[in-house]
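Visitor: Give me coordinates for this.
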Amino acid sequence: MTSNAHLRELGELLKARRSELSPRTVGLPSTGPRRVPGLRRDEVAQLASISTGYYTCLEQGRVQPSGPILQVLTRVLHLSDDQRDQIFELASKDSARPHRHRVQKVQPVLQRLLDDLTSTPAVVMGRRLDVLAWNALGAALVTDFSRIPEKHRNHVRILFTDPAMRTLYADWDRTARLCVTMLRMEAARYPQDARLAALVGELSVQDDDFRTWWGNHRAASVTIGAKALHHPIAGDLTLHWNTLAVGTGSDQHLTVWTAEPGSPSDEGLRLLASWAAGNGGNVSAT
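Guide: Now for the predicted structure:
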């Protein structure tokens, strides 16, 4: 049977999405001002051809929905592909007992690849966005991960707890918000992960932004983009990043940062690579 906590999370996601939609968005007539924003439960139930009582139980986390019901709600609530994946993950997991995954170690082939990448910053991340491995230029670009205790070596945690990250990322808010949504996808995939639950609890207590963004129930699976950085050694950089899944079922991803050839950012990366090589093992620039 699906865990109660999992069903409550599903209910909160449905409720949050319902509050974002207007009657006009879903083709219903407007009935004037409302006490609270969004659709009413009975309106969602009407559109989904289910009883209001059943839909209420869904939002309260009291029933486990079937696949066809989830498909209908995906359409009615105009869910994105990522949100659809999330509600199906939440509805399909079982075992109410928190599960402790084995500590992940970087795959040997990935470590060799990292060692060979001398002019491209690269990091390998695993479950819950834990940082598993990195190359010298990756450490020089972001931070010296080796100085961080292994149990705290998590990308989201570093973003929210290291003050240098708020200076490094020109648009820290956008970067951090995206990471929170990606972490929520991890929570949907591994709802009984005790370490993930502890991480969310810790950051929710320590940081108001994290607590607010986590409560928004956003979901995202983003594997490519661009970031602007203010780097203390390389100066202002605009880098394109790409995240590549490694193998099948490994839960390990390789993220690399590249610059447009011949651009000032490309020159900045070359400068940083030279600086990192000259500093030997001490490659932290933040």
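Visitor: Now do the buried residues in stretch 21-31.
Guide: 21, 26 (16 or more other C-beta atoms under 10 Å). Heads up, the C-betas are built off the backbone N, CA and C, glycines and all.
Visitor: neighbouring contacts of that stretch?
Guide: Contact with stretch 21-31 is made by 37, 38, 39, 43, 47, 76, 77, 78, as judged by C-beta atoms under 8 Å, 6 or more residues apart in numbering.
Visitor: right, and residue 63 touches residue 54 too?
Guide: Yes. Under the criterion of C-beta atoms under 8 Å, residue 63 makes contact with residue 54 at 7.0 Å.
Visitor: Neighbour count: these two, which is higher?
Guide: Higher neighbour count among residue 63 and residue 54: residue 63, with 17 against 14, using other C-beta atoms under 10 Å.
Visitor: in the protein, which spans are strands?
Guide: Assigned by DSSP state E, the chain shows strands spanning 122-125, 131-134, 224-231, 235-245, 253-258.
Visitor: can you redo those strands as a markdown table with mean neighbour count, distance to residue 72 and mean pLDDT?
Guide: Output for the strands of the chain, formatted as a markdown table (neighbours: other C-beta atoms under 10 Å; distance: least, C-beta to C-beta, whole Å; pLDDT from 0 to 100):
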| stretch | mean neighbour count | distance to residue 72 | mean pLDDT |
| --- | --- | --- | --- |
| strand 122-125 | 23 | 35 | 94 |
| strand 131-134 | 24 | 39 | 95 |
| strand 224-231 | 15 | 32 | 93 |
| strand 235-245 | 15 | 30 | 93 |
| strand 253-258 | 19 | 33 | 94 |
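Visitor: for the closest residue to residue 56 other than its chain neighbours, what are its contacts?
Guide: Distances taken as C-beta to C-beta, 6 or more residues apart in numbering place residue 41 nearest to residue 56, at 5.6 Å, with adjacent residues excluded. With contacts taken as C-beta under 8 Å, 6+ apart, residue 41 has the following neighbours: 18, 52, 55, 56, 59.
Visitor: Give me the most central residue, the protein.
Guide: Closest to where the C-alpha atoms of the chain average out (C-alpha atoms, centre = their mean) is residue 182, at 1.2 Å.
Visitor: you'd agree that residue is up against residue 129?
Guide: Yes. Taking C-beta under 8 Å as the definition, residue 182 is a contact partner of residue 129 at 6.6 Å.
Visitor: And the contacts of the lowest-mean-pLDDT helix or strand in the chain?
Guide: Every helix and strand of the chain was ranked by mean pLDDT, DSSP states H and E. The lowest is helix 81-92, at a mean of 82. Contact with helix 81-92 is made by 2, 6-7, 9-10, 13-14, 17, 64-65, 67, 70, 73-74, 79, 184-185, 188-189, 191, 219-221, as judged by C-beta under 8 Å, 6+ apart.
Visitor: Just the buried ones out of the residues you listed, please.
Guide: When those are checked for burial by 16+ other C-beta under 10 Å, the buried set is 2, 6-7, 9-10, 13-14, 17, 64-65, 70, 73-74, 79, 184-185, 188-189, 191, 219-220.
Visitor: hang on, the earlier thing: among the contacts of residue 41, who's most crowded?
Guide: residue 55 (26 neighbours).
Visitor: low-confidence ranges in the protein?
Guide: Counting by pLDDT under 70, the ranges of the chain that qualify are 1-3, 31-33, 93-102, 219-222, 247-250, 280-286.
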